[in-house]
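Visitor: Could you look at this predicted model? Sequence included:
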Amino acid sequence: MIKNLHLSKLFWTALLVANCYVIIAVYAIVTLPDNSFDANNQQHILAALKLTYVRLTLAIFFMVAYPVILFSSLKYAKYVTIALTAWGIVMYIDDYLVLYKIIEYPKRGLVVVLQSLRPILLICLIWMSFELTFTKSKVN
């Protein structure tokens, strides 16, 4: 167990921003309108599966398991944070190259806010990875 987490206020702010973003993203995925995907199009069905199952699973993992990992093992928290950051960057690139050409998202509302705030999420994850990599904490 970690005795003293010597992490900056900026780290905790980045974690809070990331958690808020993920909560809003989960809400947006769960309440996505039924007419967002064309049921006759194979690409739309695969995109819907990717959004609902893969991303929703990772988002819930981040919200539930990440605090447990952070407070139990700083070493594993570093690796999980780096993996989540890499996954987030890959998904960001993948969405711009593939997903946004397949799915026509609404031009207003929560989806637009999430798309515009996504770079802030990535910056927060990069900072968290950076700080966990270079922070020395005392361990019991």
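Guide: Perfect, I can see it now. Numbers count the residues shown, from 1 in each chain.

Visitor: got a list of what residue 120 touches?
Guide: Shown in contact with residue 120 (CB atoms under 8 Å, 6 or more residues apart in numbering): 17, 21. C-betas here are computed from N, CA, C, even on glycine.

Visitor: how far away is it from residue 24?
Guide: 12 Å (CB to CB, to the nearest Å).

Visitor: Spell out which helix or strand contains residue 21, please.
Guide: Using DSSP states H and E, residue 21 falls within helix 9-30.

Visitor: mean confidence for that helix?
Guide: The average pLDDT within helix 9-30 is 90.

Visitor: helices or strands next to that helix in the packing?
Guide: Using 3 or more CB pairs under 8 Å, 6 or more residues apart in numbering; DSSP states H and E, the elements in contact with helix 9-30 are helix 56-72, helix 110-134.

Visitor: Quick check: buried residues in stretch 88-97?
Guide: Applying a neighbour-count criterion of 16 or more other CB atoms under 10 Å, one finds 88, 91, 95 buried in stretch 88-97.
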